[in-house]
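Peer 1: Return a 3D structure for these sequence lines:
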Amino acid sequence: MPKSTRRPTAHLYVSVAAVFLATTILFATASIIRAGDAHDLPEPATQAMSTLIERIQDRGPIETQDLLPLLRFARDTAFTRDDWDVPSLLNATGGYYGYGISSPMDRIVEHIYHPDLPPSFFHPSVVRVGKWSEEPEENIPDLWNNLEEGRIVVIRGQELEENTPDVNTGGYYTYQTDRMIVMVNHEGEKYLLSVSKQADQSNVGRKGVVIGDDQDWNYFYTDEEGLTTGGLGWVNSYMFDSFSVTVLSADPTAPDRSRHAMFKWVRAGWSGMNMVRPNHVRNGCQRFAQSLVRLMESDELPELGVLVAMSKRVRAMDELEILRTLQPYIESLRETAPEDSILSRRSFQRILNQDNPLEHYSLYAKQSLVMKEFLKASVGLPALLAVNQDEALVSFLR
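Peer 2: Numbers count the residues shown, from 1 in each chain. Here you go, the predicted model:
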């Protein structure tokens, strides 16, 4: 249960305008323009996703007839429109986002589900820390490559996730997620469905910072409870629940391209109130897509074997070595802070001026940070840990 806290003055609760304003601020990400009015999601597709959410909880069997309405919708209909009106489910707010990736499915599956890479590796814009707490025993890319006609393969696991700071509020959250990967070969077409369900309420939201442009994936994290946005620092916010169903499939018009249809539901806020609106969910999905597309479409992305070797090398670093590696990153943070509208605040300056401003980061979080900075430098994004790729490879692979 959320820990008790001193209540703010009553007018913050009774003013409809104030609540609406807070709602538009809390959990909002970069604004987008919706193309046309949303149409209702077809009921059979909604029912198929509801069934998948049930199966991830009761661990029951999944039959072909459970999936067909969703597979047909993802193949034939989903991408005919920019947006769909996703109904609420389990008291959570739903949203849809579909996008294309200029990379074949086999390559995407091989990268994002490689057993020697962290599950969050290719999602640096939305996941700070992601690691298996209950790891699948199966090799997902191998199963995918050998998936026979008419087969359904289901893989289950559980992940610990901590997301990146919200673009406007700065809040970030830690929670356990049950995950189910469903691979289907139906009528000669292969689909990979990823189904997730938050296992319990998140930890209380803590204050983080999006540094500069969110598309540069530069973030800073504090251990202080609340939201970074002025006037909401007192808020004890939570992700009460979140779940999603995504469908990855080949683009029928271009075999070397893939399509990703994302359906997500979120219930989050404070004092038990859900403050999430459909555009917040859609914007969060778009944020997820941005980093995956940037990495998978980059001509500069290192070969998979190099990424695996780098990941293994970084995960072998102990506390002293990882701090020594991150010292230039800390100095870059301190140099950047005076020019940043949020990091320049006194409270953040106090943290950055400590001997080790990353002291509250776990070892795994620091390792994930080094890997993310290596990725950014590799694909040409401005990295706070400025590294020359060739020198970094020599260092990581020694």
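Peer 1: Does Leu323 touch Leu358 like I think?
Peer 2: Yes. With contact defined as Cβ atoms under 8 Å, Leu323 counts as touching Leu358 (7.4 Å). Where C-beta positions appear, they are placed from N, C-alpha and C, glycine not excepted.
Peer 1: Find residues that contact each of the two.
Peer 2: Residues touching both Leu323 and Leu358 (Cβ atoms under 8 Å, 6 or more residues apart in numbering): Lys366.
Peer 1: Comparing the two, which residue is more hemmed in?
Peer 2: Leu358 (21 against 17; other Cβ atoms under 10 Å).
Peer 1: name the element Gly269 belongs to?
Peer 2: Secondary structure assigned from DSSP states H and E places Gly269 in strand 254-270.
Peer 1: ok, the helix or strand just after that strand: who's next to it in the sheet?
Peer 2: Next along the chain after strand 254-270, taking DSSP H and E as the criterion, comes strand 273-274. With DSSP bridges as the test, strand 273-274 is paired with strand 254-270 (antiparallel).
Peer 1: Send me the partner strand as CSV with only the CA atoms.
Peer 2: The C-alpha coordinates for strand 254-270 follow below in CSV (Å, rounded to 0.1, in the frame of the first residue of the first chain):
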residue,chain,number,x,y,z
ALA,A,254,8.0,-5.1,-48.3
PRO,A,255,9.6,-8.4,-46.9
ASP,A,256,12.7,-6.6,-45.7
ARG,A,257,10.6,-4.4,-43.4
SER,A,258,8.7,-5.2,-40.3
ARG,A,259,5.7,-3.8,-38.6
HIS,A,260,5.0,-3.4,-34.9
ALA,A,261,1.5,-2.9,-33.6
MET,A,262,1.5,-1.9,-29.9
PHE,A,263,-1.5,-1.9,-27.5
LYS,A,264,-0.9,-0.8,-24.0
TRP,A,265,-2.9,0.0,-20.9
VAL,A,266,-1.8,2.0,-17.8
ARG,A,267,-3.4,3.0,-14.5
ALA,A,268,-1.3,5.5,-12.6
GLY,A,269,-1.6,8.5,-10.5
TRP,A,270,-1.9,9.3,-6.8
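Peer 1: in the strand holding Gly269, what counts as buried?
Peer 2: For strand 254-270, a neighbour-count test (16 or more other Cβ atoms under 10 Å) marks 258-270 as buried.
Peer 1: go on, stretch 84-99?
Peer 2: Trp84, Val86, Leu89, Ala92, Thr93, Gly94, Gly95, Tyr96, Tyr97, Gly98, Tyr99.
Peer 1: so what's Ile181 closest to, chain neighbours aside?
Peer 2: Ile155 (4.2 Å; Cβ to Cβ, 6 or more residues apart in numbering).
Peer 1: one step back: would JSON lines of the buried residues of stretch 84-99 with secondary structure and distance to Gln354 be doable?
Peer 2: Formatted as JSON lines, the buried residues of stretch 84-99 follow (DSSP: H, G, I helix; E, B strand; the rest coil; distance: Cβ to Cβ, whole Å):
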{"residue": "Trp84", "secondary structure": "strand", "distance to Gln354": "47"}
{"residue": "Val86", "secondary structure": "coil", "distance to Gln354": "44"}
{"residue": "Leu89", "secondary structure": "strand", "distance to Gln354": "44"}
{"residue": "Ala92", "secondary structure": "strand", "distance to Gln354": "39"}
{"residue": "Thr93", "secondary structure": "strand", "distance to Gln354": "39"}
{"residue": "Gly94", "secondary structure": "strand", "distance to Gln354": "42"}
{"residue": "Gly95", "secondary structure": "strand", "distance to Gln354": "39"}
{"residue": "Tyr96", "secondary structure": "strand", "distance to Gln354": "43"}
{"residue": "Tyr97", "secondary structure": "strand", "distance to Gln354": "39"}
{"residue": "Gly98", "secondary structure": "strand", "distance to Gln354": "44"}
{"residue": "Tyr99", "secondary structure": "strand", "distance to Gln354": "41"}
